[in-house]
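Student: this one's sequence-less:
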């Protein structure tokens, strides 16, 4: 009896499932090919690469940054002899002496000018990084970087010499 009941239930489920497949003929979309599916394939044209991918580094901007670095380096060079004289006067003096304090203030002034030159190099480094990210290396940026890095190396050497003279 169980088997017969089971067979009847399976047959009923199949009949119910098959009735769900029957429906009106107009309710489904046509499977015929549409015009765009049978049209010939055309090549898509790619847009031309634009020069806008290259970061805007104008020669005027580079000249302004170079001038800014040159001005801070000139101020460094102007303050360096005074700092050198004060460092010589502070050599061998105790840390609490007025001569050492004056030399430290002069070295701090030199460090401020060094910082201004470093900030200019940082601006140029930022421009160079943008150019590198856009895969558009700029030889003028590289030249400006090298030029300002040489100024900073000269300033670093001068400051180190003064510290050595003072006997830190």
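Tutor: Everything's here; your move. Since we're looking at a predicted model, the values are computed, not measured.

Student: hey, where'd the strands end up in this structure?
Tutor: Per DSSP state E, the chain carries no strands over any range.

Student: Okay, now the unreliable bits of it?
Tutor: For the chain, the stretches with pLDDT under 70 are 1, 16-26, 46-56, 168.

Student: longest helix in it, by residue count?
Tutor: helix 98-133 (DSSP state H).

Student: and it, what does it pack onto?
Tutor: Judged by 3 or more Cβ pairs under 8 Å, 6 or more residues apart in numbering; DSSP states H and E, helix 98-133 is in contact with helix 59-90, helix 139-166. (C-beta placed from N, C-alpha, C; glycine too.)

Student: got the angle between it and helix 59-90?
Tutor: Orientation check (axes from the mean of the first three to the mean of the last three Cα atoms, to 10 degrees): helix 98-133 against helix 59-90 gives 160 degrees.

Student: how about helix 98-133: buried residues?
Tutor: By 16 or more other Cβ atoms under 10 Å, the buried positions in helix 98-133 come out as 99-100, 102-104, 106-107, 109-110, 113-114, 116-118, 120-121, 123-125, 127-128, 130-131.

Student: Which residues are in contact with residue 125?
Tutor: For residue 125, the contacting residues are residue 145, by Cβ atoms under 8 Å, 6 or more residues apart in numbering.

Student: gap between it and residue 12?
Tutor: To residue 12, residue 125 is 80 Å away according to Cβ to Cβ, to the nearest Å.

Student: and if you look at residue 145?
Tutor: Relative to residue 12, residue 145 is positioned 84 Å away (Cβ to Cβ).

Student: Residue 99 too?
Tutor: For residue 99 relative to residue 12 (Cβ to Cβ), the value is 110 Å.
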